[in-house]
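Peer 1: Provided below are the primary sequence and the corresponding predicted coordinates.
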Amino acid sequence: MVVNRHKIRIEWGDCDPAGIVYYPRYFEYFDTCTAALFESAGLPKRTLFETYGIAGIPMVDTRANFIAPSTFGDDVIVESTITGFGKSSFTVHHKLFKGEVLAAEGFEKRVWTVRLPGEPYRIHAQAIPKEIIDKLSA
């Protein structure tokens, strides 16, 4: 499986009054890292929309484990990989490291979606193309 490493600098605005990363920000980091993972496999979001006609890859399930705090000024590395594929869904595992310490883990289940013909505001799941799976499994 493809593993992407993405560096993030913790900014002042990422932190709560206690000076640690406010937990929803981790989910923003993980979303950014999923996009970076696809891009590292030669699949930037623009390509997904233009070439494959997707409506998006929305999350249908997410969770996280918070192990050690990160604070303003920290540089963290997020390692992201897809750990499994279903017919139209995939699971992403993120590991956020502060130095050598695993500080947080994130888990996302996402669905490959397209717009319903004639109903531009509705989406539905579609089978993930084999070439996408192959690129992300290399």
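Peer 2: Cool, the structure landed. The shown structure was predicted, so the numbers you read here are calculated from the model rather than taken from an experiment. Numbers count the residues shown, from 1 in each chain.
Peer 1: If you average pLDDT per helix and strand, which one of the protein comes out bottom?
Peer 2: strand 119-125 (a mean of 89; mean pLDDT, DSSP states H and E).
Peer 1: Which of the helices or strands spans residue 37?
Peer 2: Applying DSSP states H and E as the criterion places residue 37 in helix 23-40.
Peer 1: In that helix, which residues are buried?
Peer 2: Judged by neighbour count using 16 or more other CB atoms under 10 Å, the buried positions of helix 23-40 are 25-27, 29-31, 33-40. All C-beta atoms are positioned from the backbone trio N, CA, C, and that covers glycine.
Peer 1: Do a quick rundown of the helices in this structure.
Peer 2: Counting by DSSP state H, the segments of the chain that form helices are 23-40, 45-52, 130-137.
Peer 1: Residue nearest the middle of this protein, spatially speaking?
Peer 2: Closest to where the C-alpha atoms of the chain average out (CA atoms, centre = their mean) is residue 34, at 2.5 Å.
Peer 1: list the contacts for it?
Peer 2: Applying CB atoms under 8 Å, 6 or more residues apart in numbering, we find residue 34 in contact with 57, 80, 92, 94, 108, 110.
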